[in-house]
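S.K.: pasting the sequence and the predicted model now:
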Amino acid sequence: MRNRTFILIAALTATGAMRAATPAASPDMSPPYRQAGLPIEQRVADLLARMTAEEKFDQLTQVSAGDANPHNLAEHAEELRPTYGSFIIGGPQAIRETCNALQRRAVTGTRLGIPALFGADVIHGYRTITPIPLAQSCCWDPALVQRGCAMTAAVTRAQGIAWTFAPMVDHCVDPRWGRIAETFGESPYASGVYAAASVRGFQGERLDGPGSIAACLKHYVGYGASEGGRDYSYSEVSPQTLWEMHLPAFAAGVKAGARSVMSAFNDLNGVPASANRLTLTEILRERWGFSGLVVSDWNAVLQLIRQGFAADEAEAARKAINAGVDLDMADGLYRRHLASLVADGRVTMATVDEAVRRVLRVKFELGLFEHPYTEASALDGAAPTGDQLDLAEELAARSLVLLKNDGALPLAAGARRIALVGPLADNHEALLGSWAQQGRPDETPSIREELRRRLPADVSLWTAAGCTVDGKGPDDLPAAVALARDSDLVILCLGEERWMSGENASRTTLRLAGRQEELALAIAAAGRPVVLVLVSGRPIELAAIEPKMAAIISAWQGGSRAGAAVADTLLGRRNPSGRLSVTWPRTTGQIPLYHNMRPRARPGPEGAYQDLPTTPLYESGHGLSYTGFAYSPLRLEQSAVGPDGTLAAEVTVTNTGAREGRETVFWSIRDPAASITRPLRELKYFEQAAIPAGGSRVFRFVIAPRRDLAFPDADGRPVLESGEIQLFAGPQQASFRVTP
């Protein structure tokens, strides 16, 4: 009987009868929004039509999960409503388990089962911490930055977090502002390149991929221009400057596909950024075509009252949502006031629907309806892997900038007694920097530990703090000086604790805090060569101590493997290749000082400071190597180019030293006579390559006038004018003409 059945089935299959006999697949009877095969816009429309007004208001509300965990959710039933659209996740709780527990309430405990979107401030790493963004921009390798973001995204998504509030692409030229640490430097062009690289790294090829998270461009817009470098303050930015300096990086991130934007805290020209229809709707939506969601910064809607733009909570909520803020972070104003605002006609239901549509669209794109929960994996809460640490170390080493070297580096093999001095010599936590997420100091080796690991056993390494970073702890300068006097050379580690830069970390001065400057001068007076290693989130004022240092390294806040990067560079195992992405002033009093300033009406000493040169200590783009590079004269393909033509420029760079090195060629332009005055230098392109000892490399920049030479007017419209253009590549300069 069994054999006959087999023969019959085989025969039916061969004749095609099997297909006819097999019942047709059952049609998917689930609601359209549950059907993964349908277009996202159709699913969004179907779900939106099924939602009550209250469910819509809840979807526009984001709250912090605080100390919630899988075991105490009942205690947070009211403030963590399962119908809320989004939760901010952080803190020490079991992240994946907490996300899954909150998600289970949303998916199984509500009428429509709309999954929640979990977001977190994952700025430069999750458990493995990469350098702060300002440091990363000094590596001038967007592909490397993209790899770092992709690594971070994979670990973050494995925790259940599908959204990061990064990258930050604010334009800032005032290092008193603590959040300059989170920027990609002072060039709008370079910031745009890094914004696009970060978005591609975070979001991957598909947003619903297992290692992808939604990126968020912040803070939109003008936040980096806060008066006096004071956080949360007023910003006065002319329309032309807004288009030229502050908007380009956001435009680049939107073009790269970023699915969210965060509205900023600041009052921009009298209209706060979180209620600014010009920037949030007319520019972002209508001119750039952005279709993702806009989330306010923390309590930014409520703060419209303090800023004098709204009389009460209801008015603040009305102005924010009507301007284009879709998701209200933390303050709960949408939840409390949208119902009454809609009822009395001050907010239309069409406006609410459009905001909900944007939130739902991103959730569908992330695949949350198909995969709301996160399964345990090798990336869930695990210690950093070797591959992750290798990538973090590569970023840290490539971000490090050798600012000065009078021959003290790399350390001579004959040095047998090394004094490692300073409060950051054996500090773990400061290396992580601000916004270090789940990074752990106990997993972050110090500079002392990494240097000792690499030095021969017969080399003595003596360590003394000398003083504390902030001057609030015990000091022992004499002991540190005695150690220095008995050594062959001194490595002096100074700078900032992790909390001294970042959000709410503005400073009136860039000088070293506490007694650090005093320590540096005392150590220098001991008469031994001093190598200064700076750990910081901003440029540091060095006017008093720079002349007395034999070498200076800016290690920034380099993350989990900063200690290894510093040690390898000191010993010459790595050839430094970082170049500054921000101008390094001589003193705080020179601020603002940046590479793309407009020319002064009178050059030279007239109108300049009487007590100090107008030039910076180190220009943007500065950085030394253990080898040398020589530039050939610039070669231009032709002497003139039309508006729609192209012009190729080339320069040959030769490694004149005895070891391989990386060189970054910065291509900048200047228009010496224009209807709107132009900066002294505008970075338009950069390229980096490793060049072997004695070898040469041709670097090429193809100039397209409408892309590279046009500048915005006060309405953001591109202006391209005929005339002379000066082109710079390193120390070389050439000129060409743009014809009508």
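M.R.: Cool, got the structure.
S.K.: could you use CA atoms for every contact and neighbour count after this?
M.R.: Will do.
S.K.: okay, and residue 522 sits in which element?
M.R.: Residue 522 belongs to helix 516-525 when assigned by DSSP states H and E.
S.K.: could you pull out the buried residues of that helix?
M.R.: 516-517, 519-524 (16 or more other C-alpha atoms under 10 Å).
S.K.: for that helix, give me every contacting residue.
M.R.: Contacts to helix 516-525, defined as C-alpha atoms under 8 Å, 6 or more residues apart in numbering, come from residues 422, 466-469, 477, 480-481, 484, 492, 494, 511, 530, 544-545, 548-549.
S.K.: again with stretch 411-424
M.R.: With C-alpha under 8 Å, 6+ apart, stretch 411-424 has contacts from 430, 448, 458-469, 480, 483-484, 486-495, 516, 519, 535, 570-572.
S.K.: in ChimeraX, select just the buried ones from the residues you listed.
M.R.: A single ChimeraX command is used to select the members of these judged buried by 16+ other C-alpha under 10 Å:
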select :430,448,461,462,463,464,465,466,467,468,469,480,483,484,487,488,489,490,491,492,493,494,495,516,519,535,570,571
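S.K.: in the protein, which helix or strand is least confident?
M.R.: Within the chain, judged by mean pLDDT, DSSP states H and E, the helix or strand with the poorest mean is helix 2-15; its value is a mean of 33.
S.K.: farthest pair in the buried residues of helix 516-525?
M.R.: Largest separation among these by C-alpha to C-alpha: 516 and 524, giving 12.3 Å.
S.K.: where along the stretch 251-400 of the chain do the helices fall?
M.R.: Counting by DSSP state H, counting those that start in this stretch, the stretch 251-400 of the chain has helices at residues 277, 303-306, 313-323, 333-343, 349-365, 386-399.
S.K.: in the stretch 451-600 of the chain, what residue spans correspond to helices?
M.R.: 477-485, 516-525, 562-570.
S.K.: taking helix 516-525 as reference, get the angle to the first one.
M.R.: The reference is to helix 477-485. Taking axes from the mean of the first three to the mean of the last three C-alpha atoms, to 10 degrees, helix 477-485 and helix 516-525 form an angle of 40 degrees between their directions.
S.K.: helix 477-485 packs against which elements?
M.R.: Contacts defined by 3 or more C-alpha pairs under 8 Å, 6 or more residues apart in numbering; DSSP states H and E place helix 477-485 against strand 417-421, strand 460-464, helix 516-525.
S.K.: TSV for those, including mean pLDDT and distance to residue 618?
M.R.: Shown next, in TSV, are the helices and strands packed on helix 477-485 (pLDDT from 0 to 100; distance: least, C-alpha to C-alpha, whole Å):
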stretch	mean pLDDT	distance to residue 618
strand 417-421	98	25
strand 460-464	97	29
helix 516-525	98	19
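S.K.: is it fair to say residue 150 lies in a helix?
M.R.: Yes: under DSSP: H, G, I helix; E, B strand; the rest coil, residue 150 sits within a helix.
S.K.: look up the closest residue to it, ignoring the ones flanking it.
M.R.: Among residues not flanking residue 150 along the chain, residue 201 sits closest, at 4.3 Å (C-alpha to C-alpha, 6 or more residues apart in numbering).
S.K.: what's the distance between residue 487 and residue 445?
M.R.: In this structure, residue 487 lies at 24 Å from residue 445, with C-alpha to C-alpha, to the nearest Å as the measure.
S.K.: can you check residue 401 too?
M.R.: 20 Å.
S.K.: same question for residue 387.
M.R.: Residue 387 is 17 Å from residue 445, by C-alpha to C-alpha.
S.K.: do the same with residue 257
M.R.: To residue 445, residue 257 is 37 Å away according to C-alpha to C-alpha.
S.K.: try residue 656
M.R.: Distance from residue 656 to residue 445, counting by C-alpha to C-alpha: 35 Å.
S.K.: same drill for these two, tell me which one is more crowded.
M.R.: residue 445 (21 against 18; other C-alpha atoms under 10 Å).
S.K.: hang on, isn't that one packed against residue 559?
M.R.: No: taking contacts as C-alpha atoms under 8 Å, residue 445 lies outside contact range of residue 559: 9.9 Å.
S.K.: so where do the strands sit in the stretch 451-600 of the chain?
M.R.: In the stretch 451-600 of the chain, the strands defined using DSSP state E, counting those that start in this stretch lie at 460-464, 489-495, 530-535, 551-554.
S.K.: let's have those strands in JSON lines, adding distance to residue 704.
M.R.: Formatted as JSON lines, the strands of the stretch 451-600 of the chain follow (distance: least, C-alpha to C-alpha, whole Å):
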{"stretch": "strand 460-464", "distance to residue 704": "55"}
{"stretch": "strand 489-495", "distance to residue 704": "43"}
{"stretch": "strand 530-535", "distance to residue 704": "40"}
{"stretch": "strand 551-554", "distance to residue 704": "35"}
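S.K.: so which of the ones you listed comes closest to residue 306?
M.R.: strand 489-495 (34.8 Å).
S.K.: tabulate the CA atom coordinates of that closest one in PDB.
M.R.: The C-alpha trace of strand 489-495 is given here as PDB (Å, rounded to 0.1, in the frame of the first residue of the first chain):
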ATOM      1  CA  LEU A 489      62.500  62.200  29.300                       C
ATOM      2  CA  VAL A 490      59.000  63.000  30.400                       C
ATOM      3  CA  ILE A 491      55.600  62.100  28.900                       C
ATOM      4  CA  LEU A 492      53.100  64.600  30.400                       C
ATOM      5  CA  CYS A 493      49.400  63.700  30.200                       C
ATOM      6  CA  LEU A 494      47.100  66.600  30.700                       C
ATOM      7  CA  GLY A 495      43.600  67.700  29.500                       C
END
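S.K.: average pLDDT for that strand?
M.R.: Per-residue pLDDT values over strand 489-495 give a mean of 98.
S.K.: that one to helix 477-485, inter-axis angle?
M.R.: Computed by the same axes, to 10 degrees, the angle between strand 489-495 and helix 477-485 is 140 degrees.
S.K.: can you give me how far strand 489-495 is from the chain middle?
M.R.: On the basis of C-alpha atoms, centre = their mean, to the nearest Å, strand 489-495 sits 28 Å off its chain's mean C-alpha point.
S.K.: please name every helix or strand in contact with that strand.
M.R.: Strand 489-495 packs on strand 417-421, strand 530-535, going by 3+ C-alpha pairs under 8 Å, 6+ apart.
S.K.: ok, the nearest residue to residue 85 once chain neighbours are set aside - how many residues close by?
M.R.: Spatial nearest neighbour of residue 85, excluding adjacent residues (C-alpha to C-alpha, 6+ apart): residue 59 at 3.8 Å. Per other C-alpha under 10 Å, the neighbour tally for residue 59 reads 28.
S.K.: which residues touch residue 59?
M.R.: 83-86, 327, 356, 359 are the contacts of residue 59 under C-alpha under 8 Å, 6+ apart.
S.K.: closest to residue 121 among these?
M.R.: residue 86 (13.7 Å).
S.K.: surely the closest one meets residue 61?
M.R.: Yes: using C-alpha under 8 Å, residue 86 is in contact with residue 61, at 6.6 Å.
S.K.: what about this structure, any weak spots by pLDDT?
M.R.: Applying pLDDT under 70 to the chain picks out residues 1-27, 92-93.
S.K.: can you tell me the SS state at residue 737?
M.R.: Residue 737 is classified as strand under three-state DSSP.
S.K.: what bridges to it?
M.R.: Here residue 737 shows beta-bridge partners residue 640, residue 724, assigned using DSSP bridges.
S.K.: can you pull the contacts of it?
M.R.: By C-alpha under 8 Å, 6+ apart, the residues touching residue 737 are 639-641, 722-725.
S.K.: among the residues you listed, which ones are buried?
M.R.: Buried, going by 16+ other C-alpha under 10 Å: 640-641, 722, 724-725, out of the contacts of residue 737.
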